Every structure is written in C-alpha cells, then in structure tokens.
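Participant: sequence and predicted structure, then a few things I'm wondering about:
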Amino acid sequence: MQKLSPFNITALTLGFAFLYIPILLLVIFSFNESKLVTVWGGFSTKWYASLMQDKAFLNAAWTTFRIALVSATIATVLGTMAAMALVRLGKFRGRTLFSGMIYAPLVMPEVITGLSLLLLFVAMNVTRGFWTITLAHITFSMCYVSVVVSSRLHSFDVSLEEAAIDLGCNTIQAFFKVTLPIILPAVISAWLLSVTLSLDDLVIASFTSGPGATTLPMEIYSSVRLGVSPQINALSSLLVGLVGGGVILASIISRRQISKEQH
Amino acid sequence: MSHNVFAPWDDPNAVPLVEIRGLLKRFGDFVALDHIDLNVYPREFFALLGPSGCGKTTIMRMLAGFETPTAGTVKLEGQDLAEIPPYSRNVNMMFQSYALFPHISVADNIAFGLKQDKRPKDEIAARVEEMLSLVQLGKFAHRKPHQLSGGQRQRVALARALAKKPPLLLLDEPLGALDKKLRQETQFELMDIQEKLGLTFMIVTHDQEEAMTVASRIAVMNEGKIVQVATPNTIYEHPNSVYVAGFLGEVNLIAGKAHRLDDHHTELHWAEGEPPLRIDHPLEGTDGVDATLALRPEKVSISHEEPQAGLCRVQGTINDIAYTGNLSIYFVKLSNGVIIKAQEANSRRLEHRNYTWEDTVWLSWRPTAGSLLLQ
C-alpha cells in the first residue's frame, strides 16, 4: 500500500472537515442545555425528551416511516422486475430506449419530477396525502433499485437458472428457489437504499403532499422558517442517524456478497 | 463380429433412445446446425466432438430444451421433444460451470430435483445417500459448494444430475475445468458410473483424447454438420475426410493423384520422379482423382537401410527431432518439400539413438496402414 504523504493527509482532513463539520455541529448542539442554538450551555438530552411529547413531530415521524416502508417495498418489487427484464430479455426492439428511460429519473431535477407528479395528481383529481407521496417515492426509488439489482444480475450465471429448470422447476419456481435467494443481498440493500431515499426526500414530498400528510423533512423545513430551535437539531440528528445507518447497512450487505462471490 | 460386443448401431432392430432427424437451427443468418441426423442408442456413451462454435453445444441444449429447433425433429424414447417443456423432460444436464446452487448444501443440491418432483422424504434421503457414496462425498454432505475443491464440485454436479436417474444424461464439457491428471482419473470414474448405472451419457467436448477415452461412439462435427459418426477406433484408423484425420491425433498428409491398380489396390502418384505409393484399398473415385493419403506417425518406421520389399517407402532427410521422453518424433523432409513425422517409442536410452539431424533415412509403412481420403 502507498504511504500517506503529509499533503494527502491534509487534503483528506480538509475534505472530510468540509463534508462533516456542519453535521457534527448539528449533532453537538442537539445536546445543548441552552435554548440559544449557537451558545453552548452544558450537556442535556432534554430536547430529545421534548420531541417525544411533540404531537406534530410524532405524527410526521409516523407518516414518514409508513411512506418509507411501503414505497421501498413496492419499489423493490417493481425495480427487481425491471432489472430482470433489462438483463434477461437480451436485445429486444427499443431496449436501449427502455433502459435509458429507467435511469433517466436518476438525473432528472427533483423539482421537475415533483412538479410533473403534482400536475398529474391534480389532473386526475386525486386527493393528495399519504398515497400520493408514496406513489411519488416509488417512482424514483424504483430506478435506484433496478440499477443495484441489474448490476448484480449481470454477474449472475444464467446456467444456475437453467439447472433449476433442468431439475424440474418452471421459470417462476426457478426464480423464487434459485435466483432470488442468490441475489437477495442486492435486493435487500436496494430496499434499504429506497427507505433512506424516501426518509430524506423534501422536494418531491412537498409537491405531492396534502393536508394531514407531513413528513419529517417537511416538518423540519417549515419550523426552521420560524427560527432554528435546539429541538430541530435533535430531530435532524435523529434523521442523520437513521439515514446514515441505512446506507452503511446497505453497503455492508453488498460488500459481504462480493467477498462471498470471490470464494 | 461376436454377439458380446456392444454395438447396437450395427443392429437394424435396435431401437434408438435419441432420434434426431433433419435438425436445423439458425441464429439470425448464422446456421448453427445444418440438417443433423443422428441416432443414439440406450447405454451408449456418446461423444459430440468438435472445435468451439461447431454446434455441438447447440445439439445438447436442444435436447435439454434450452433451444428450439428451426426445423426438424428430436425424439427421446420415441416421443417428440417439441411438445415437452424443459422442466418435464426425462433428461438431466451437467453444466460446464457446474451451476451448483451456492445458497444450499451439497445434500440439498443433490436433493433439489427429487424435492421438485415431490418424492417421499425417506426416498429422497436414501437417494441422496446413495448418490453421495457413488461420488465418494459422504463426508461433505453439509458443506456449501464454495467450501469444496474444483474436483469435488464436479462430483456434486454429477451426483445432482444423476439423482433423478434420467435415461439420458447430458454432460457439457464436464471435465474442462479440471487439471490434466484429475481429468484422466475422472474420465475412468465417469465410465465406471455410466456402466454401473446402465444409463445413456452424451458428452460434449473439444478434447479429442477425452472423447477417444470415454466414448462408445464419437460424432465429429464441423461448422454445424456431422462429418463422421463412428467408434473411436474407426474414427482414428479410418477417418472419412482430411478434417477428421487432422482433428483426431497427429497425421501425415501426402497429396497426389490416385490411380486404380485393380479391384483392391490403388496407387498414389505424389511427386515427379518418385515411385508411386501403393495402398491396399479400392479406389472409390474415378481414376486419376485428387486424393490425400493420411498416415499416422506411429505407423511410419524410420531406418538407414532400404526397407524390405512389400512396404511403402520414401526417402528424405531428418529436419528436426522432437524428444518427449517416452517418444522421439522425427520430422523427415521429402524430395518435394513435404515433411513427414515418424514416431518411435524410446525403448532404449537417448544416448543410443541411431539418427541425427541431416541424416538421409528411409521411411516405410505397410500398404494397409494409411487411409486414402478423397475430401
């Protein structure tokens, strides 16, 4: 391994500082005794305790989790199906267009996605709320799922599936008995990724939500407009913990999968 | 031929297990299989031999049901396979990559097909036990495939494919991933198992030595066509074309014009000013046709003295000598520039060798030793 030169160490420290000092400050000040956000008044967890009594916060948290779980689950099913189709169907007419269209929402500005969904929901005359946010989250999570799962399927030996069919499985049984168990780690990490994406989405949720359906990021954003309170710091720290945990877990799962394959 | 010899292909009353008629397969413009006709009989160990891309794997995948014919029929036990989906065919396949299911144990891999057929539990357990002892892997029943060596995985793949006792077992380059020594041992094990179970094996391979060792009959393929189907002995001693002669083993080719001597003898005029070579075989083409004499190096003798009368002979100079330990191969250049290989077993030590570079020597062989090929 190459030795780290002083220059590299400096660059690394500065880079990480740039990325993480704001978040670190947020987390530190969430344990601040003082009501003033920028003045340290001693250690306390009282803002976390007060969160637990805040009805608006609890409602938002409940809504957010339901949306994350439901949208991630549906997106995982649909995204896996899309990945199977893209990897397995070989060269069909319009394959490039189809795969391009699957990945396009990844680079589409969120504002555009949100706005177009809002227009659709208005045109369809749907009452906006829990289900409209969930649907919106499914549309963008699905793309991430299909990217993760199809990269796993590319390295999947098709003769495993043929062996299952040769031994008496029909195509559907072969998928559930052989293919799915083998690609499961990729599917789980795609699901975790979808959960975290849904948890921290503000823009699309704001466009597609209605009265009574407020998510945590929306709650944070709207209360910050009235001034930053230590309570918001605590809430944000919780969200950082959740999202960070999800992403780390997803990468551990896919890492273990890779080391298993190299055996 | 005596009655004890296993040769159902010579018996007009024998019922083939696999009947392939007029099989054609196109991938776009590419013709993968060009009107294949083939019979495979019960208890045969049949080898499809050819270079990669010759269509041998396509025939196998068609029997397994992973490819569908463009035209023609494939019958197994008299039943047209076109109507039977791959998962209900009486055929199992051992894959080149072994395709062991990595998420379940060795025993579960072997039991997979039996469980799929919903056989009773105790029957499955007994069958798995039997298969594990057949391939000598009893101790490894609870390991996962990635905890096994290459040779052990190969055995698991074989046991899994045999578990359902298919009347026809397809083996796609089954020994390709093993090293040479292990491959030779495994070839004999495969033959033992095939004989013990009394099943029909069909192997796809590009390794001619492997095909010669294991097979009862070999079909040599080239560019989607079957060039010759025969026993290993016939294919080696009486190849029907230059392609087959060159594909199996070493061969010397002497080209010339064939003239009919009488009903049983032919002469090959191969160079100006050289006496023609006699071949004890009737000429099947017209007099004076272009023909090639195929001669195996081990049938050519080398000597300083002129060979005795009655042998075919040519004279030349030693161009090169290859010493491989057990054999010496002399590359002798003839007057017309053609190089003939003569192979001698080194029954004496190297320092006693009589021949060296640039020596003028005689090469001789019996008039029955070669095959005259018209294509």
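Facilitator: Received the coordinates, thanks.
Participant: just the helices in the chain please.
Facilitator: Defaulting to chain A. With DSSP state H as the criterion, chain A has helices at A:6-29, A:46-53, A:55-88, A:95-107, A:110-124, A:130-154, A:158-166, A:171-174, A:180-199, A:203-208, A:216-224, A:230-261.
Participant: if you could check chain B rather than the one you did, that'd help
Facilitator: B:56-64, B:106-116, B:121-134, B:150-162, B:180-197, B:208-214, B:232-237, B:242-247.
Participant: let me see the contact set for residue A:207.
Facilitator: Each residue near residue A:207 by Cβ atoms under 8 Å, 6 or more residues apart in numbering or on different chains is listed here: A:111, A:114-115, A:117-118, A:136. Every residue, glycine included, has its C-beta placed from N, CA and C.
Participant: try 6 Å
Facilitator: A:114, A:118 (Cβ atoms under 6 Å, 6 or more residues apart in numbering or on different chains).
Participant: per-residue pLDDT, it?
Facilitator: Residue A:207 is assigned a predicted lDDT (pLDDT) of 92.
Participant: for it, give its distance to residue A:131.
Facilitator: 14 Å (Cβ to Cβ, to the nearest Å).
Participant: do me a favour and get the end-to-end distance for stretch B:270-286?
Facilitator: Stretch B:270-286 has its terminal residues 17 Å apart, counting by Cα to Cα, to the nearest Å.
Participant: can you check stretch B:201-209 too?
Facilitator: OK, stretch B:201-209 end separation, Cα to Cα: 17 Å.
Participant: that stretch and chain A, are they touching?
Facilitator: No. Using Cβ under 6 Å from any Cβ of the partner chain, we find that stretch B:201-209 stays clear of chain A, coming within 13.6 Å at best.
Participant: skipping adjacent residues, who's closest to residue B:285 in space?
Facilitator: Nearest residue to residue B:285 in three dimensions, chain neighbours excluded: residue B:374, at 5.0 Å (Cβ to Cβ, 6 or more residues apart in numbering or on different chains).
Participant: related to what we said a few turns ago, reformat the helices of chain B as CSV; add distance to residue B:261 and mean pLDDT.
Facilitator: Listed next are the helices of chain B as CSV, based on distance: least, Cβ to Cβ, whole Å; pLDDT from 0 to 100:
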stretch, distance to residue B:261, mean pLDDT
helix B:56-64, 40, 94
helix B:106-116, 61, 95
helix B:121-134, 56, 94
helix B:150-162, 53, 94
helix B:180-197, 43, 91
helix B:208-214, 33, 92
helix B:232-237, 22, 93
helix B:242-247, 23, 92
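Participant: out of those helices, which is closest to residue B:272?
Facilitator: The closest approach between residue B:272 and any of those, judged by Cβ to Cβ, belongs to helix B:242-247 at 22.6 Å.
Participant: ok, and what's touching the closest one?
Facilitator: With Cβ under 6 Å, 6+ apart, helix B:242-247 has contacts from B:220, B:222, B:227-228, B:239, B:251, B:292, B:294, B:373.
Participant: residue of the stretch 1-150 of chain A nearest chain B, please.
Facilitator: Nearest residue of the stretch 1-150 of chain A to chain B: residue A:91, at 10.7 Å (Cβ to the nearest Cβ).
Participant: follow-up on the earlier one: Serialize the helices of chain B to CSV and add fields for mean neighbour count.
Facilitator: Output for the helices of chain B, formatted as CSV (neighbours: other Cβ atoms under 10 Å in any protein chain shown):
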stretch, mean neighbour count
helix B:56-64, 23
helix B:106-116, 23
helix B:121-134, 16
helix B:150-162, 22
helix B:180-197, 15
helix B:208-214, 20
helix B:232-237, 17
helix B:242-247, 20
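Participant: need these in JSON lines with distance to residue B:270, can you?
Facilitator: As requested, the helices of chain B are exported to JSON lines (distance: least, Cβ to Cβ, whole Å):
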{"stretch": "helix B:56-64", "distance to residue B:270": "34"}
{"stretch": "helix B:106-116", "distance to residue B:270": "58"}
{"stretch": "helix B:121-134", "distance to residue B:270": "54"}
{"stretch": "helix B:150-162", "distance to residue B:270": "47"}
{"stretch": "helix B:180-197", "distance to residue B:270": "37"}
{"stretch": "helix B:208-214", "distance to residue B:270": "27"}
{"stretch": "helix B:232-237", "distance to residue B:270": "21"}
{"stretch": "helix B:242-247", "distance to residue B:270": "15"}
